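Student: Could you look at this predicted model? Sequence included:
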Amino acid sequence: MIISRSILAFSLLATALLLKFPQTLEVQPLEGLLPDFPSLPDPSNYQTPSPTPALSPSPTDPLNFSLPPQPKTPSNLVQIKTCNGRASRANFRELPTLDSSAILGEIRWGDWVRLKGRVIQADGVIWHEAVAPALILSRRSAAQNQLESGQTGWIADCFVT
């Protein structure tokens with residue numbers, strides 16, 4: 001609102017000055033004012049590379065980026081709760097996938113995570129990007145078990161909604 005009022009005031013001032021002093025506005029040719037730039041190559045010779053996806057979704061369940069925005073808590077902090085009626089620890093993953101090798105560690109039931117706002121659906125699960133507290137060891141043999149606190153990763157929707 002403030003910007004549009006400023007633009008309006010400037011426009012009115014410029015119009016008033018042009019009406020009062022029309023002879024001061026002279027259009028000068030641009031020759032000699034701009035430096036000579038080399039000519040650019042013909043863009044029709046370029047080939048656009050095909051984009052490569054950052055994640056490898058399963059062929060039966062592609063990523064769906066059209067999820068509605070999720071309601072946010074005042075600080076985006078959510079507590080790990082039960083998932084499908086079971087109180088358990090939550091796997092914290094490097095990527096939004098059910099692949100065990102993506103598990104960075106586990107979050108204890110009752111601990112808090114900070115949601116970052118990105119939501120993705122993959123492998124039949126809705127995933128939330130989050131920042132984790134200190135992680136604990138995962139019981140999965142393929143897990144990475146990188147237990148530093150403050151890591152960004154993904155957590156299944158059922159633990160945070």
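Tutor: Looks like it came in fine. Numbers count the residues shown, from 1 in each chain.
Student: Quick check: the gap between the spatially closest residue to Gln151 that is not a sequence neighbour and Ile120.
Tutor: The shortest distance from Gln151 to any non-neighbouring residue, by CB to CB, 6 or more residues apart in numbering, is to Ala132 (5.4 Å). Using the backbone N, CA and C atoms, a C-beta is placed for each residue, glycine as well. Separation of Ala132 from Ile120 (CB to CB, to the nearest Å): 17 Å.
Student: repeat for Gln146
Tutor: Gln146 is 21 Å from Ile120, by CB to CB.
Student: quick one, which of those two is more surrounded?
Tutor: Using other CB atoms under 10 Å, the more surrounded residue of Gln146 and Ile120 is Ile120, with 19 against 13.
Student: Pretty sure Trp127 is one of the things that one touches, is it not?
Tutor: Yes: using CB atoms under 8 Å, Ile120 makes contact with Trp127 at a distance of 5.1 Å.
Student: neighbours of Leu95, just the number please.
Tutor: The burial count assigned to Leu95 is 17, neighbours taken as other CB under 10 Å.
Student: That one touches Ala102, doesn't it?
Tutor: Yes: contact criterion CB under 8 Å: Leu95 and Ala102 qualify, at 4.6 Å.
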